[in-house]
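> Coordinates only, no sequence provided:
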């Protein structure tokens, strides 16, 4: 197996809260079966607080990133499991791991932490 570059998964992870309005815990809690993609559309089934489930459309830029991540994910350890976002050991990515990845993305100037982690982001949808 070739060495995995985490860029695609990191992009998908960082952009999901921004484009889908998910909390970080909701994002890392996504399973493969929660993602529905077609050639021109997509939706996410989000499992939120209080056992509530909601469907949200996948914004086109996020759909493109998800398409790339889903094709790469098959080569990762743990790909046979249900988790959409995996860590390098093949387990479900933790909330702390997601915060670290997003903070690094912000430090690289890709996004601001407030844009991705702040509750104000959810109010803007």
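Cool, the structure landed. Predicted, not measured: the structure shown is a model, and the values here were computed from it.

> show me where the chain has helices.
7-20, 24-28, 60-73, 95-107, 113-117, 119-123 (DSSP state H).

> okay, those in TSV with mean neighbour count and mean pLDDT next?
Bear in mind the C-beta positions are built from the backbone N, C-alpha and C, glycine included. What follows is the helices of the chain, written out as TSV (neighbours: other CB atoms under 10 Å; pLDDT from 0 to 100):
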stretch	mean neighbour count	mean pLDDT
helix 7-20	21	87
helix 24-28	20	94
helix 60-73	17	92
helix 95-107	16	86
helix 113-117	16	53
helix 119-123	11	49
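
> Go through those helices and name the closest to residue 38.
Comparison of those against residue 38 by CB to CB identifies helix 60-73 as nearest, at 9.1 Å.

> Need the residues that contact that closest one.
Helix 60-73 is contacted by residues 4, 8-9, 11-12, 15-16, 19-20, 32, 35, 37, 41-42, 58, 79, 84, 86 when judged by CB atoms under 8 Å, 6 or more residues apart in numbering.

> And residue 67, how close does it get to residue 11?
Distance, residue 67 to residue 11, using CB to CB, to the nearest Å: 11 Å.

> shared neighbours of the two, which are they?
Contact criterion CB under 8 Å, 6+ apart; residues shared by residue 67 and residue 11: none found.

> Next up, the contacts around residue 47.
By CB under 8 Å, 6+ apart, residue 47 lies in contact with 26, 29, 34, 53.

> Count the residues that sit near the second one.
This points to residue 29. If you count neighbours by other CB atoms under 10 Å, residue 29 ends up with 19.

> Check the last one too.
By other CB under 10 Å, 9 other residues sit near residue 53.

> wait, isn't it in contact with residue 34?
No: assessed by CB atoms under 8 Å, residue 53 is found out of contact with residue 34, at 9.2 Å.

> Can you give me the end-to-end span of stretch 27-35?
11 Å (CA to CA, to the nearest Å).

> List of residues touching it?
Outside stretch 27-35, the residues touching it (CB under 8 Å, 6+ apart) are 13, 16-17, 20, 22, 42, 44-47, 58, 66, 70, 82-85, 92-95, 97-98.
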